[in-house]
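Visitor: Need the 3D shape of this:
(one chain, ligands or ions: 2)
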Amino acid sequence: MTVTSVPGRRRTFTNAIKRLLLIDLFKGLAVTFKYNLRALYEKREGGNPNQAIYTEQYPLEPARVSERFRGAPRLNLDPETGGTLCIACDLCALACPVDCITVNSTRREVRDGEKVNKKKVLTTFFFDTSRCMFCNLCSEACPTDCLELTQSFELAVYHRSGFRWDREMLEKGVKYVKYNK
Ligand code: SF4
Ligand code: SF4
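Guide: Numbers count the residues shown, from 1 in each chain. Ligands and ions are numbered 1, 2, ... in the order given. This next block holds a predicted model:
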């Protein structure tokens, strides 16, 4: 009588032995141990390099976002004069597909030597962060690099009205809470 091998049965037997000896459990523990060991000496970008932790320590440390991340809007000021870079051209508002920007301006007389020109001057600027989809079209349309989407992502507010950022907020930026242990 010839004996035929039964592969299915052999597999079941091997699995049973694996389970009995907790092979998969030890494999998982080995991976965890390897990462913990690596965290002891591996330097982390940002954060405390001596800390043996490889998870994000947000909000104690700022969370890292990708380079191309687009978040909270900002109206940049002229670094030399401190005045606004916005020329109230309205191009950002026109470029926005969801109409979340409102630019208001007035015409003022500006003396240039002998000449007196009438110039558009920004009065108010509103940005509705609740409707924004962070497509960056407004920023790309801005001819003076005034409007920028920054890497800040903490946009949650307690009241709906907080989503509407005015010129002051856009120029100064939001004050974030500094968390401590
Ligand atoms: S990022 Fe896009 S949706 Fe948001 S304000 Fe700019 S153009 Fe509008
Ligand atoms: S496009 Fe730029 S300069 Fe023109 S209104 Fe918008 S922020 Fe101001």
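Visitor: So the closest residue to Thr102 other than its chain neighbours, which state does it fall into?
Guide: Of all residues beyond its chain neighbours, the one nearest Thr102 is Phe126 (4.3 Å), with distances taken as CB to CB, 6 or more residues apart in numbering. Every C-beta, even on glycine, is put in place using the N, C-alpha and C of the backbone. Recorded secondary structure, Phe126: strand (DSSP: H, G, I helix; E, B strand; the rest coil).
Visitor: Phe126: what's it in contact with?
Guide: Counting by CB atoms under 8 Å, 6 or more residues apart in numbering, Phe126 makes contact with Ile101, Thr102, Arg164, Trp165, Asp166, Arg167.
Visitor: ok, residues contacting the lowest-mean-pLDDT helix or strand in the chain?
Guide: Across the helices and strands of the chain, mean confidence by mean pLDDT, DSSP states H and E is lowest for helix 7-20: a mean of 82. Applying CB under 8 Å, 6+ apart, the contact partners of helix 7-20 are Asp24.
Visitor: tilt between the helix ranked longest in the chain and helix 7-20?
Guide: In the chain, assigned by DSSP state H, the helix with the most residues is helix 23-41. Here helix 23-41 runs at an angle of 50 degrees relative to helix 7-20 (axes from the mean of the first three to the mean of the last three CA atoms, to 10 degrees).
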